[in-house]
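Visitor: fold the following, please.
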Amino acid sequence: MKYLMALDQGTTSSRTLIFDRHGNIIASAKKDFKQIYPKNSWVEHDPKELWSSQISTLTEALAKSGLNARDIAAMGITNQRETTIIWDRQSGEPIYNAIVWQDRRSADFCESLKKDYADMIFQKSGLVIDAYFCASKIKWILDNVSNARERAERGELCFGTVDTWLIYNLTRKDVHVTDVSNASRTMLFNIHTLEWDRELLELFGIPEKILPEVRGSSEIYGYAATRWVDSKIAIAGIAGDQQAALFGQMCVSKGMMKSTYGTGCFLLMNTGNKPTFSKNKILTTIAWQIKDEVTYALEGGVFIGGAAIQWLRDGLKIIRDSKDINTLASEDNGGIYFVPALSGLGAPHWDQYARGAIFGITRDSTDAHIARATLEGIAFQVYEIILQMEMDLGERCVEIRVDGGASASDCLMQIQADLFGFEIKRAKIIETTALGAGYLAGLGVGYFNSIDEIKWESDRIFKPQKNKQEVEDMFRFWQKAVQRARGWAE
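Guide: Numbers count the residues shown, from 1 in each chain. Sure thing, here's the model as predicted:
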């Protein structure tokens, strides 16, 4: 029997999971890595640590499973998107730390583009102008690292999102590729022509020579070198983490939706084989490409989701473990509202200068109220995106599939169902990001003959319990809190 392997390189940890044909986890390994904060609102990772942590989990997962590389049919890769790495083409040495998707250093530059270029960029890339995406991060590195621009012009440097960086290392510098889902998050890729866009490259001053080849999401790109494993493994699936989760949730038909509760929260809706453009600041992105068929999605992103719970643990230190929030959180918020804009606000506000804020504190406020308000703050952000998508669609949503680490919280999921007013279906296997990458790899090597062979099961269905008036009252206070948190940084 053959198995599927998925490398899941996330914002706070690297993981490797091995699945059987039915999506059951055979073995997994995880390794956290250092978060680097050089200045206020700057976030970086050491690219070498991303690589070393990922390869160590690969070998550990194989050891735990009792399998060897010959037992693996294919490897899929899914990754934190928009995180930007530039390295020397010959030596493979990074010229600067990875600039993480949460980083805000290029916010002022992005703001300067909005008046003249917002519509053009949106129509071509499906994205709003924001420091979140790769383009301004690449520009910053080329402008601020000694000789970087000159070397880039000579073709001596490579740019890649994290998937590209991992594949470059796995293949011992032989393959420099990405897939359409990751390319569509750079703000340099035309989602209609499926090519790097020369007008966008010129606007950001980025030489095309440094960019990876763009391929589909389910095909053989190369092979993991035998230096890392005892037998070559076909690398046959790539998708950015949120698109991979959409696929892992088997939201493969138009109109199906998922929300992943990880470091951030990301809600995607499959819109079929043509891009749909929002009038409410929701992004248009490429979900995946299988053979010649491209699938698009609408996406709303919350920058700080589960990371808000981590902040309670590591910053405020009111919980010792992330799961402790479920027992600490009170039945109500005690009038407290927490806007977790610790890295600005994403959809639908797109406010690069918003900052986290807690409102409504009184003498009788407790850590239990703050814990509850944190869970509600995560849920409110996702609820705002649903409202905008419903406006774009002109109809009510009826269900959503959820996954990600924070979706294991029954308390958070019940709060979310109460706000939505419709059913939430939690996947039986909540590691759907890795699962999606594995499934794409399986399709890429013929392990599955078609998508129809892949099954999906729910673990639990959460039904709304609050009445509409209660939700409306809570949302009114949430909106007040958001308005006060916006535009805080200067």
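Visitor: so what's the residue count around the spatially closest residue to D459 that is not a sequence neighbour?
Guide: The spatial neighbour of D459 that comes closest, neighbours along the chain excluded (C-beta to C-beta, 6 or more residues apart in numbering), is K428 at 4.4 Å. C-beta here means a position set from N, CA and C on the backbone, and glycine is covered the same way. Using other C-beta atoms under 10 Å, K428 has 13 neighbouring residues.
Visitor: repeat that for T284.
Guide: 20.
Visitor: quick check: phi and psi on it?
Guide: phi -110, psi 130 (degrees, to the nearest 10).
Visitor: any idea how far it is from K274?
Guide: Remark: distance between T284 and K274 (C-beta to C-beta, to the nearest Å) = 10 Å.
Visitor: overlap of the contact sets of the two?
Guide: Y296 (C-beta atoms under 8 Å, 6 or more residues apart in numbering).
Visitor: got the contact list for the residue nearest to D459?
Guide: Counting by C-beta under 8 Å, 6+ apart, K428 touches 457-459.
Visitor: may I ask which helix or strand encompasses D116?
Guide: helix 107-125 (DSSP states H and E).
Visitor: below-threshold pLDDT in this protein: ranges please.
Guide: 228 (pLDDT under 70).
Visitor: what ranges does the stretch 101-250 of the chain have for its helices?
Guide: 107-125, 134-144, 148-153, 162-170, 180-183, 198-204, 241-248 (DSSP state H, counting those that start in this stretch).
Visitor: and N182, how close does it get to G160?
Guide: For N182, the distance to G160 - C-beta to C-beta - is 9 Å.
Visitor: what ranges do the strands span in the stretch 201-350 of the chain?
Guide: 213-215, 218-224, 233-240, 257-261, 265-272, 283-290, 293-302, 337-339 (DSSP state E, counting those that start in this stretch).
Visitor: of all those, which lies closest to L440?
Guide: L440 lies closest, by C-beta to C-beta, to one member of the strands of the stretch 201-350 of the chain: strand 233-240, at 3.2 Å.
Visitor: the closest one pairs with which strands, parallel or anti?
Guide: The pairing partners recorded for strand 233-240 under DSSP bridges are strand 72-79 (parallel), strand 218-224 (antiparallel).
Visitor: TSV for these, including mean neighbour count and distance to M5?
Guide: What follows is the strands paired with strand 233-240, written out as TSV (neighbours: other C-beta atoms under 10 Å; distance: least, C-beta to C-beta, whole Å):
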stretch	mean neighbour count	distance to M5
strand 72-79	28	5
strand 218-224	21	9
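Visitor: quick one on the thing from earlier: turn the helices of the stretch 101-250 of the chain into JSON lines, including mean neighbour count and distance to I318.
Guide: Output for the helices of the stretch 101-250 of the chain, formatted as JSON lines (neighbours: other C-beta under 10 Å; distance: least, C-beta to C-beta, whole Å):
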{"stretch": "helix 107-125", "mean neighbour count": "15", "distance to I318": "30"}
{"stretch": "helix 134-144", "mean neighbour count": "22", "distance to I318": "33"}
{"stretch": "helix 148-153", "mean neighbour count": "18", "distance to I318": "43"}
{"stretch": "helix 162-170", "mean neighbour count": "27", "distance to I318": "32"}
{"stretch": "helix 180-183", "mean neighbour count": "28", "distance to I318": "36"}
{"stretch": "helix 198-204", "mean neighbour count": "15", "distance to I318": "42"}
{"stretch": "helix 241-248", "mean neighbour count": "32", "distance to I318": "28"}
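Visitor: for those, which one sits closest to E44?
Guide: Closest of the helices of the stretch 101-250 of the chain to E44 is helix 134-144, at 10.5 Å (criterion: C-beta to C-beta).
Visitor: quick revisit: how about the helices of the stretch 101-250 of the chain in CSV, adding distance to V229?
Guide: Shown next, in CSV, are those (distance: least, C-beta to C-beta, whole Å):
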stretch, distance to V229
helix 107-125, 36
helix 134-144, 30
helix 148-153, 32
helix 162-170, 9
helix 180-183, 24
helix 198-204, 36
helix 241-248, 22
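Visitor: can you give me how far the helix or strand harbouring L4 is from the chain middle?
Guide: Assessed by DSSP H and E, L4 sits inside strand 3-9. Distance of strand 3-9 from the chain centroid (C-alpha atoms, centre = their mean, to the nearest Å) equals 16 Å.
Visitor: with stretch 177-186 instead?
Guide: For stretch 177-186, the distance to the chain centre is 13 Å (C-alpha atoms, centre = their mean).
Visitor: on that earlier part again, and Q243, which of the strands paired with strand 233-240 is closest to it?
Guide: Across the strands paired with strand 233-240, closest to Q243 is strand 72-79 (C-beta to C-beta), at 8.3 Å.
Visitor: distance between that closest one and the chain's centre?
Guide: For strand 72-79, the distance to the chain centre is 17 Å (C-alpha atoms, centre = their mean).
Visitor: dump the C-alpha coordinates for it into PDB.
Guide: Provided in PDB are the C-alpha atoms of strand 72-79 (Å, rounded to 0.1, in the frame of the first residue of the first chain):
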ATOM      1  CA  ILE A  72       5.200   7.300  -0.500                       C
ATOM      2  CA  ALA A  73       3.300   7.700  -3.700                       C
ATOM      3  CA  ALA A  74       3.800  11.500  -3.800                       C
ATOM      4  CA  MET A  75       4.500  14.500  -1.800                       C
ATOM      5  CA  GLY A  76       2.400  17.700  -1.700                       C
ATOM      6  CA  ILE A  77       3.500  21.100  -0.400                       C
ATOM      7  CA  THR A  78       1.300  23.700   1.200                       C
ATOM      8  CA  ASN A  79       2.600  26.900   2.800                       C
END
